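Colleague: Predicted model and sequence follow; I will ask about them next.
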Amino acid sequence: MGGHYLFRRLIQAFLTIIAIVILNFFLFRMMPGSPERILLRNPHLTQATVDAARERWGLDQPVPVQLVKYIVATAQGDLGYSFQYRGQPVSEVIGLRFWPTIILVGVAEIIAIVLGLALGAYSGWRRGGRVDKVGNGASLILYSMPYFVIGMPLIIIFAAELGWFPTSGMLTPGATYTSFIDQLLDFGRHLVLPLATVSLGLIGGYSILMRSSIIETRTEDYVTTARAKGLDENRIVRQHAFPNALLPTVTIVAINLGYVVAGVLTAEIIFNWPGLGTLTYQALSVRDFPVLQGVFLILSVCVVLANLGADLLYGVLDPRVRT
Amino acid sequence: MRSPLRARSTRILASVGLVGALLMPAAAPAAAADPVVLRVGLQQTLDSVNPYGTALVSGYEVFGLTYDFLVDYGPNNEPAPGVAESWERAADGNSYTFHIRKGTTWSDGKPLTAADVCFSYQINLDAIKDGKNVGLGYIDPSVASAGVTKVECPDDQTMIMTTSDPSLRPLQLGVPILPKHIWGTKTYKEIGEAAFDAPQVGSGPYQLVEWKTGEYVRLVRNKGYWGKQGAEDEVIIQFFGSADTLVQALKAGEIDYARSPNAQQFNQLKTEPNIVTVAGEANGWTEFGFNTYGTGTGKTIPKGGPSTKALQDPAFRDAVGYAIDKDLMLQKIHLGYGVVGTTPVPPVLTDWHTDPNDIRKFDLTVADQKLTAAGYVKDGSGNRLDKQGKVISLKLVFPQDDDTYAKAAEFIAGWFKEIGIKVTPTAMESGALVSAMLPPEAGGTADYDLFIWGWSGSPDPSVLLEIFTCSAIGGSSDSLWCDQHYDDLYAKQNTEGGAERKATLDELQQYWYDQAPYHILYYDANLAAYRTDKFANWQNQPKTGTPLFATGTLNYTLLTLASDASASPSASAGASAGAGASGAPATPAPSADGGSSSTGSSNTLLIVGVLAVVIVVVGGLVLARRRSSAKDDDE
């Protein structure tokens, strides 16, 4: 049965991605404003040059033809050429930006999941306690704060005033490194503030989620039973309440994983982190269709995969689902 | 009672601490052999390193450093020796003979001769002949508009340029001199679309060796440069997504120069130690314009165009000009940085700008009287009516990416309400706004009445003045104004030189001001801030401008080290870079050898390293958890 379940989920994910590919194509073309007008806002341009640009970018062809070409190319893994970066391949433009985002989001997620769930579980179990009062309050505040509001004070305090960390970027531009460790340390220093910003932003949400989930399980029969059996509190939490409370949390966290990649956009912008967020922002403002299509494809695949992962993980955690 | 929950969190904290230790600020490696780097930040990215493929200030700065011009820009933007050491103008004014510097080489060591210069101009002439542009078409139009018809290079040191009229503009065309031995086999079309991958070969003071898309560009000293050598061995131009971060980076000393902080940030920076702020005059303006579509042509747009014919009436546009308090707007919105606007020739072009007669002074009563006198009366409820008896209600559009536009729109809407004119401000994403403003000539419906936006120009006023010509409708024209008299004056000044041109430009500016297709709100200030603890001898180009992102790249070659300030006795002399013989380098050029590949490009290795660290940490946590569970189960 497990194999069938997996197969069905995979087919669903695949179909979703195809639908997204097509949707992406129309989504950006429905936006007002055309790339050649924005990129070429030039007092002296001859019509011949505008036409040539449209031709080069394939915008002179009828929309159905463009769509077919786009689908065929995408299927072959060819994402086309960036308008904005004057002909650089999209895969190259995105490739450079993919890992920085994945590392930032990945590490931030791990920190946020561990700390957020721990804080949530603890404060939920000792509801009304000191940790709960402070932790839940802080969580609510962090949860409702956009990344730039968290990030800017960090930059001002730790970068500009104290000078502990650099304000922005991923590596010191133009630096020469004597060893790999040197480079890693430079990267680490650049990563601290954006990482702190994104983690802080995420911890709040996860903690709130886990807290309410734990509170629900507290009144469940099996917890009462466990307590009646005389098990100590910590064991009840860890072996009975926590695993059950984890179920809804896992779904949300997994789905969230996909969105976070897109969500760190503002954090990336203020820290000048060379990731997908800043790339999307730049591409959007000049209607760089191929780059936008490429980025959205990757983001959608992330969300779909995260969902798939959640489904599968849920199946592992809760055998009832695997039917 | 032992608490595993707490125990585990201690372990987690320990792991985090481990990571923290790894990330502790490491002392910046500063070996003696490290190159001296000038770091420049701006809130813009870079679109292309092809001189013909960039539309951005950042791109101009990069190619201006890498490539030379035939004639350079001096400290006050006057023509100064570039690749041409000197030049003469023929008696009839219709041709120039340029003498190309002897012994100049490209950064790859090959000699630079007149053949390179002729090749670089010829690609522009080829495109003009075909009615096309080279690349994005920012450079060839200046060659066309200067009336250049032919270039010849009879020998390695001579270039003869023939022009169709006696204007002085052939001296400042901004055509980058490209190496023929690299690009000579390519057509203008191929060059316009080429990537120009780094490392580039040029003859300018600094050569592009690395471009990290969206992050920075790195240029290294061209040791063979014919002009003065700046103290910096490398120039790194960094692109910032947020102006706040840009300012913090300057404060932290990570960058030496910040372009365009906003007025509030600028004021805060004023009090910072080791930071100097400059409010330079900008070659551009912010305008409040009218959609005058139909003026001079009588054309209408079926489902679009201006909502009332009043906008086509100069008397109406003149009258409402008295309802705009430009002084107050400049004070409130830009904290006083900038100059109140009048004509489309910015005052920074001192040779050409003229203040018009009868400048409108803010007075709502005058505005009201003038409107009534021009036939725009109010109805019973105080609404202003156009001559067709319709209530005037205007749609004011502006781009949303700059909040100063929104503030300006609010001010204007408030004053116009006082004179019975309803204005609806509408912010639009700038890409969408470009399309919304297109007239039928460019496939749009021009569905707007008023707009606030800005333009910036070049050292020659024609670039900005062309926006108001009839032929710009469907192109750069946003007021969609078409006036034969203006066109005649524009064409006339385009072929004139010196005093004659000035007289025509005076007349043109007065006529334009009276006709008022725009009210120019202000000539914005070019705000900049730089640090003085690393580099000294910062100079403005022109005197009223800013040190960097000016017309040329002269100032990069004038910087000295702050640590040996005594080495630069004449900070204000504005020594022209090439007054003849190539001046002895002020600073001996140390190690940087134009090498490109040695620096942090091994990102793959880095990524693997980071993933390894993550895996170790995660693995450690999992193990920790396992062990503690196992222990618990043993209990």
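Modeller: Looks like it came in fine.
Colleague: and stretch B:281-292, how far apart are its ends?
Modeller: The first residue of stretch B:281-292 is 30 Å away from its last residue (C-alpha to C-alpha, to the nearest Å).
Colleague: quick check, it touching chain A?
Modeller: No. Contact between stretch B:281-292 and chain A, assessed by C-beta under 8 Å from any C-beta of the partner chain, is absent, since the two come no nearer than 12.4 Å. Using the backbone N, CA and C atoms, a C-beta is placed for each residue, glycine as well.
Colleague: go on, stretch B:384-400?
Modeller: No. Applying C-beta under 8 Å from any C-beta, one finds that stretch B:384-400 is not in contact with chain A, the shortest distance being 10.5 Å.
Colleague: So for that stretch, what gets flagged as buried?
Modeller: Applying a neighbour-count criterion of 16 or more other C-beta atoms under 10 Å in any protein chain shown, the buried positions in stretch B:384-400 are B:384, B:385, B:386, B:392, B:394, B:395, B:396, B:397, B:398, B:399.
Colleague: do you know how far the first one is from chain A?
Modeller: Distance check for residue B:384 against chain A: by C-beta to the nearest C-beta, to the nearest Å, it reads 31 Å.
Colleague: Identify the spatial nearest neighbour of that residue, chain neighbours not counted.
Modeller: Counting by C-beta to C-beta, 6 or more residues apart in numbering or on different chains, the nearest residue to residue B:384 once its immediate chain neighbours are dropped is residue B:420, at 3.7 Å.
Colleague: State the helix or strand in which the one you found lies.
Modeller: Secondary-structure assignment from DSSP states H and E places residue B:420 in no helical or strand segment.
Colleague: cool, residue A:254 as well?
Modeller: Secondary structure (DSSP H and E) places residue A:254 in helix A:242-263.
Colleague: could you measure the residue positioned nearest the centre of chain A against residue A:142, distance?
Modeller: For chain A, the residue whose C-alpha lies nearest the mean C-alpha position (C-alpha atoms, centre = their mean) is residue A:261; its distance is 1.6 Å. Using C-beta to C-beta, to the nearest Å, we find residue A:261 at a distance of 20 Å from residue A:142.
Colleague: Equivalent analysis for residue A:26, please.
Modeller: In this structure, residue A:26 and residue A:142 are separated by 37 Å, where distance is defined by C-beta to C-beta.
Colleague: One more: residue B:434?
Modeller: Per C-beta to C-beta, residue B:434 is found 39 Å from residue A:142.
Colleague: With residue B:111 instead?
Modeller: The spacing between residue B:111 and residue A:142, counted by C-beta to C-beta, is 64 Å.
Colleague: who has more neighbours, residue A:26 and residue A:142?
Modeller: Legend: neighbour count by other C-beta atoms under 10 Å in any protein chain shown for residue A:26 and residue A:142, higher for residue A:142 (20 against 10).
Colleague: Shouldn't residue B:80 be within a helix?
Modeller: No. Under DSSP: H, G, I helix; E, B strand; the rest coil, residue B:80 sits outside any helix and is assigned strand.
Colleague: how about the nearest residue to it, chain neighbours excluded?
Modeller: Nearest residue to residue B:80 in three dimensions, chain neighbours excluded: residue B:74, at 3.5 Å (C-beta to C-beta, 6+ apart).
Colleague: Quick check: that neighbour touching residue B:172?
Modeller: No. Contact criterion C-beta atoms under 8 Å: residue B:74 and residue B:172 do not qualify, at 10.3 Å.
Colleague: got the contact list for residue 168?
Modeller: This is for chain A. A:155, A:190, A:270, A:271, A:272, A:273, B:240, B:245, B:249, B:254 (C-beta atoms under 8 Å, 6 or more residues apart in numbering or on different chains).
Colleague: meant chain B actually
Modeller: Contact partners of residue B:168, counting by C-beta under 8 Å, 6+ apart, are B:497, B:498.
Colleague: count of neighbours near the nearest residue to residue B:56 once chain neighbours are set aside?
Modeller: Excluding the flanking residues, the one nearest residue B:56 by C-beta to C-beta, 6+ apart is residue B:47, at 5.4 Å. As a burial measure, the neighbour count of residue B:47 was computed by other C-beta under 10 Å and equals 22.
Colleague: so is residue B:47 in a helix, a strand, or just coil?
Modeller: For residue B:47, the secondary structure call by three-state DSSP comes out as coil.
Colleague: cool, and residue B:475?
Modeller: When classified by three-state DSSP, residue B:475 comes out as coil.
Colleague: what's the neighbour count on it?
Modeller: Around residue B:475 there are 22 other residues, counting by other C-beta under 10 Å.
Colleague: likewise residue B:137?
Modeller: Residue B:137 is surrounded by 23 other residues when neighbours are defined as other C-beta under 10 Å.
Colleague: Whether the strand or helix carrying residue B:491 contacts chain A - can you check?
Modeller: Applying DSSP H and E as the criterion places residue B:491 in helix B:484-495. No. In this structure, helix B:484-495 remains apart from chain A according to C-beta under 8 Å from any C-beta; the gap is never smaller than 12.8 Å.
Colleague: Let me know the next secondary structure element after that helix.
Modeller: helix B:498-515.
Colleague: CA-only coordinates of that following helix, as PDB, when you get a sec.
Modeller: What follows is the C-alpha trace of helix B:498-515 in PDB, where atoms were taken according to Å, rounded to 0.1, in the frame of the first residue of the first chain:
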ATOM      1  CA  GLY B 498      28.900  79.200 -29.000                       C
ATOM      2  CA  ALA B 499      27.100  82.600 -28.600                       C
ATOM      3  CA  GLU B 500      24.600  81.900 -31.400                       C
ATOM      4  CA  ARG B 501      23.500  78.700 -29.800                       C
ATOM      5  CA  LYS B 502      23.200  80.400 -26.400                       C
ATOM      6  CA  ALA B 503      20.900  83.100 -27.900                       C
ATOM      7  CA  THR B 504      18.700  80.500 -29.500                       C
ATOM      8  CA  LEU B 505      18.600  78.500 -26.200                       C
ATOM      9  CA  ASP B 506      17.600  81.600 -24.300                       C
ATOM     10  CA  GLU B 507      14.700  82.100 -26.600                       C
ATOM     11  CA  LEU B 508      13.800  78.400 -26.500                       C
ATOM     12  CA  GLN B 509      13.800  78.300 -22.700                       C
ATOM     13  CA  GLN B 510      11.600  81.400 -22.400                       C
ATOM     14  CA  TYR B 511       9.200  80.000 -24.900                       C
ATOM     15  CA  TRP B 512       9.000  76.600 -23.200                       C
ATOM     16  CA  TYR B 513       8.500  78.200 -19.800                       C
ATOM     17  CA  ASP B 514       5.600  80.300 -21.100                       C
ATOM     18  CA  GLN B 515       4.000  77.400 -22.900                       C
END
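Colleague: residue of the stretch 201-323 of chain A with the smallest distance to chain B?
Modeller: Of all residues in the stretch 201-323 of chain A, the one sitting closest to chain B is residue A:269 (3.7 Å; C-beta to the nearest C-beta).
Colleague: who's in contact with the residue lying closest to that residue once chain neighbours are set aside?
Modeller: If you skip the residues right next to it in sequence, residue A:269 has residue B:241 as its closest partner in space, 3.7 Å away by C-beta to C-beta, 6+ apart. Counting by C-beta under 8 Å, 6+ apart, residue B:241 touches A:268, A:269, A:270, A:272, A:278, A:281, B:43.
Colleague: Is the fifth one located within a helix, as I assumed?
Modeller: Yes. The assignment for residue A:278 by three-state DSSP puts it in a helix.
Colleague: Show me where chain A has its helices.
Modeller: Along chain A, the stretches classed as helices by DSSP state H are A:2-30, A:35-39, A:47-56, A:63-75, A:90-125, A:130-143, A:147-154, A:180-218, A:221-228, A:233-236, A:242-263, A:265-271, A:276-285, A:289-317.
Colleague: Likewise for the stretch 1-150 of chain B?
Modeller: B:4-23, B:57-66, B:114-129, B:140-145 (DSSP state H, counting those that start in this stretch).
Colleague: Good, wrapping up.
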